[in-house]
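*Asks:* Kindly generate the corresponding structure for this input.
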Amino acid sequence: MDDSGFIVPPPGLIPSRPDPAPSPDAPRIPDRRPGPPPPADREPAPGRPLPAFTPPPGPGGPVVPARPVWRLHLPGDRSLPVTRPVLLGRNPSAAAAPAGAVDAELIALDDPASTVSKTHAALLPDGDALTVIDLHSTNGVTLAGVRIPAGEPVPVTPGSELLLGDLRVRAERS
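*Replies:* So this is what the prediction gives:
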């Protein structure tokens, strides 16, 4: 057939039909199609560990509740579902977040008497559990009437009242 008068696309522009399945004895030809580059090296350089593997969500991956398990009732009739770590304070800063609260939600509390520290406490949900950490605040955190040690994670029981300075926060299960 004469190609004169026809426009011929460059090779590779139009995909060809898939090749039939190769026989198990056939040599494997490497795939030359463009795509992401292969890993630079599979073995770590001496003294350099491989990056940690993070499994995708799903079976065997991290468990994320379908809905918030905890709810905070804040001063001023504010209510907040706890879907990730929370930092509470007059003007909380992510820089003060403890390990495990890198992506924390920053919640500012109105405290005209300044009894609440700038970044006062962290609340960390983990499945059905909730933990509070006093971030070395000036006036401390009281949980169910007992002052908790600064910097130490303490489990919160449903319906507990937290006292941050002079402000009350109630933690309830949803």
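*Asks:* So Gly140 is in contact with Arg147, correct?
*Replies:* Yes - assessed by CB atoms under 8 Å, Gly140 is found in contact with Arg147 at 5.1 Å. Heads up, the C-betas are built off the backbone N, CA and C, glycines and all.
*Asks:* Comparing these two, which shows the higher neighbour count?
*Replies:* The neighbour comparison of Gly140 against Arg147 (other CB atoms under 10 Å) goes to Gly140, with 17 against 12.
*Asks:* what pLDDT, on average, does stretch 96-112 get?
*Replies:* Stretch 96-112 shows a mean pLDDT of 89 in the predicted model.
*Asks:* Buried residues of that stretch, list them for me.
*Replies:* With burial defined by 16 or more other CB atoms under 10 Å, the residues of stretch 96-112 counted as buried are 96-98, 101, 104-105, 107, 109, 111.
*Asks:* ok, now stretch 144-164?
*Replies:* Neighbour-count burial for stretch 144-164, counted by 16+ other CB under 10 Å, picks out 148, 153-154, 156, 160, 162-164.
*Asks:* Now do the end-to-end distance for that stretch.
*Replies:* Chord length of stretch 144-164, first to last residue, is 12 Å (CA to CA, to the nearest Å).
*Asks:* hmm, who's touching that stretch?
*Replies:* Stretch 144-164 is contacted from outside by 70, 88-89, 98, 109, 115-116, 120-121, 123-124, 129-137, 139-143, 168-173, using CB atoms under 8 Å, 6 or more residues apart in numbering.
*Asks:* Next, check those against the strands and list the overlap.
*Replies:* Residues from those lying in strands, with DSSP state E as the criterion: 70, 88-89, 121, 123-124, 129-134, 141-143, 168-173.
*Asks:* which of the residues you listed are buried?
*Replies:* In terms of neighbour count (16+ other CB under 10 Å), the buried residues within the ones in strands among the contacts of stretch 144-164 are 70, 88-89, 121, 123-124, 130-134, 141-143, 169, 171.
*Asks:* Since that was my last question, I'll sign off now.
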